[in-house]
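Colleague: the following comprises the amino acid sequence and a computationally predicted model.
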Amino acid sequence: MKFVDYQEPCDANGLNIRETNKPTPANGQVLIKVDAAGLNRLDILQRRGFYPPPPGASTILGVEVAGTITEITENCNGLKIGDEVCALLSGGGYAEYVAADAVSCLPVPKGLDMIQAASLPEALFTVWSNIMDVGHLLEGQSILIHGGASGIGTAAIQLAKCHGATVITTARNEDKCRFCEEIGADLTINYQNQDFVQECLDFTSGKGVNLILDMVGGDYLDRNIKAAAIDGKIILIAAIGGIKATLNILALMQKRILLTGTTLRSREPEFKSQIAKNLLLHVWPLIEAGKIRPVIHEVFPLFQAKNAHLLMESNKHCGKIVLNMAC
């Protein structure tokens, strides 16, 4: 099979198409003939040598795909050969075939093609597990989503709106702010020339926001505390702005803020299985009803993975970037 190879650490020019054997699925896994694979920021971090795959996972880039099951093993939860699925992976997505845990596979939603389906797993698994399972976002509450024009941001905006929340989001320029408004954000903040803390406080009449989903980290942490409401929650899901921060512990205590961080990739299959069940029950109907839609910025053929990575690194995209295996 063809796959995207690299020798870490490297820049995007180090991505090349190679040939290797198809993976052999273990017990509880299926083999998927991949039609499309979604790009994620962690792919770039892995390529640069900053985010190694979990022990035992494929070293091939890519954590989400859509395709057709061509082989099954025992304990595959009713899946069968020929099923069209999208899947969350620990690695291996930038390839013509990938072995995936059956419990992390979901049917391609009705009305969606493989390109659209490949853009769903990483963002929706991440967003549901954090704003619903951890954040317990309720109707009428407010949420601040940093990086609203990203793949995770676009999913979070739409899911939060479907649950009756007031959505505030940050973005890097006016075009991205308008884009976030178009998909449902109630307030957009251009972080290049606006203070998101003050904007949040003004918009909430000084109360602050109930939940903050942060993929920036760094000096945003202390500012998030200032923007949060009493009994608010701050969830860190990435640290693209830096892994170290200084914070006011007293302010954290006075506001009774819950501060937590998480990663998804290394979690056990049982954990991901429960998220998959919730997505199928609560989110798939919203997708099939058109209330949550995949947001695709651009599609590249597999052999142009370099260009796809360069686009993501430029931060000029809105929504997801996807690799098409058929090209």
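Modeller: Nice, thanks for sending it over. Numbers count the residues shown, from 1 in each chain.
Colleague: could you pull out the strands for the stretch 1-150 of the chain?
Modeller: Using DSSP state E, counting those that start in this stretch, the strands of the stretch 1-150 of the chain run over residues 2-5, 16-19, 29-38, 64-72, 84-88, 97-101, 105-107, 142-145.
Colleague: and those: which comes nearest Ala57?
Modeller: strand 97-101 (10.1 Å; CB to CB). C-beta coordinates here come from the backbone N, C-alpha and C atoms, glycine included.
Colleague: name the residues of stretch 284-296 that are buried.
Modeller: For stretch 284-296, a neighbour-count test (16 or more other CB atoms under 10 Å) marks 284, 286-287, 292-296 as buried.
Colleague: show me how far that stretch is from its chain's centre.
Modeller: Its chain's average C-alpha position is 15 Å from that of stretch 284-296, according to CA atoms, centre = their mean, to the nearest Å.
Colleague: show me where the stretch 151-300 of the chain has its strands.
Modeller: 166-171, 187-190, 209-214, 228-236, 258-261, 296-301.
Colleague: how near is the residue nearest the centre of the chain to Thr20?
Modeller: What sits nearest the mean C-alpha location of the chain, by CA atoms, centre = their mean, is Ala123, with 2.7 Å. Distance from Ala123 to Thr20, counting by CB to CB, to the nearest Å: 28 Å.
Colleague: can you check Glu199 too?
Modeller: For Glu199 relative to Thr20 (CB to CB), the value is 50 Å.
Colleague: more neighbours: which of the two?
Modeller: Glu199 (19 against 13; other CB atoms under 10 Å).
Colleague: beta-bridge partners for the closest residue to the more buried one other than its chain neighbours, please?
Modeller: Leaving aside its sequence neighbours, Glu199 sits nearest to Ile189 (CB to CB, 6 or more residues apart in numbering; 4.8 Å). Listed beta-bridge partners, Ile189: Thr170 (assigned using DSSP bridges).
Colleague: ok, Ile189 touching Ala171?
Modeller: Yes. Ile189 lies in contact with Ala171 (CB atoms under 8 Å); the separation is 7.4 Å.
Colleague: could you tell me which residues touch both of those two?
Modeller: Cys177 (CB atoms under 8 Å, 6 or more residues apart in numbering).
Colleague: redo the strands of the stretch 1-150 of the chain as CSV? Include mean pLDDT, distance to Gly232 and mean neighbour count.
Modeller: Below are the strands of the stretch 1-150 of the chain laid out as CSV (pLDDT from 0 to 100; distance: least, CB to CB, whole Å; neighbours: other CB atoms under 10 Å):
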stretch, mean pLDDT, distance to Gly232, mean neighbour count
strand 2-5, 98, 41, 20
strand 16-19, 98, 46, 12
strand 29-38, 99, 31, 25
strand 64-72, 99, 30, 23
strand 84-88, 99, 29, 25
strand 97-101, 99, 34, 24
strand 105-107, 99, 31, 20
strand 142-145, 99, 9, 27
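Colleague: okay if I get those as TSV plus distance to Gly242?
Modeller: Shown next, in TSV, are those (distance: least, CB to CB, whole Å):
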stretch	distance to Gly242
strand 2-5	28
strand 16-19	31
strand 29-38	26
strand 64-72	26
strand 84-88	27
strand 97-101	32
strand 105-107	34
strand 142-145	19
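Colleague: noted, bye for now.
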